[in-house]
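> For reference, the sequence and a predicted model appear below.
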Amino acid sequence: MGRLMESFKDKVTAERVAIFFGLATTLLVVALVVVVVHRDNLLLQLSEAKEKLDVLEDYIQNKVLSDISQHLHSEF
């Protein structure tokens with residue numbers, strides 16, 4: 001057990017620990033940037049979808065109103 005601990009201490013140096021934490025930090029920053037860009041892209045797609053739904057809703061309302069008025073005029 002003591003020999004294993006000695007071997008572990010020889011392999012784990014301050015320089016290697018610093019390199020590990022530097023790489024881990026870099027990966028976390030890259031992941032954060034990817035998530036933020038993806039979120040912004042989703043928000044943009046959501047706003048475009050809302051605009052399309054608004055246009056479709058206006059079209060449907062106009063179509064229904066014109067159909068109702070045509071139906072009322074044809075009855076009289």
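That came through fine.

> So Ala14 versus Phe21, what's the distance?
11 Å (CB to CB, to the nearest Å). C-beta here means a position set from N, CA and C on the backbone, and glycine is covered the same way.

> Which one's more surrounded, these two?
Phe21 (10 against 7; other CB atoms under 10 Å).

> For that one, what is the enclosing helix or strand?
Using DSSP states H and E, Phe21 sits in helix 14-75.

> quick one: that helix to chain centroid distance?
Helix 14-75 sits 8 Å away from the centroid of its parent chain (CA atoms, centre = their mean, to the nearest Å).

> just stretch 13-24 next, same as before
Worked out by CA atoms, centre = their mean, stretch 13-24 lies 31 Å from the chain centre.

> Any chance you could give me that stretch in CSV, C-alpha atoms only?
Extracted in CSV, the C-alpha atoms of stretch 13-24 (Å, rounded to 0.1, in the frame of the first residue of the first chain):
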residue,chain,number,x,y,z
THR,A,13,2.8,16.7,-9.5
ALA,A,14,1.7,20.3,-9.1
GLU,A,15,2.4,20.9,-12.8
ARG,A,16,0.2,18.1,-13.9
VAL,A,17,-2.6,19.2,-11.5
ALA,A,18,-2.3,22.8,-12.9
ILE,A,19,-2.5,21.4,-16.5
PHE,A,20,-5.5,19.3,-15.6
PHE,A,21,-7.4,22.3,-14.1
GLY,A,22,-6.4,24.5,-17.0
LEU,A,23,-7.8,22.0,-19.5
ALA,A,24,-10.9,21.5,-17.4
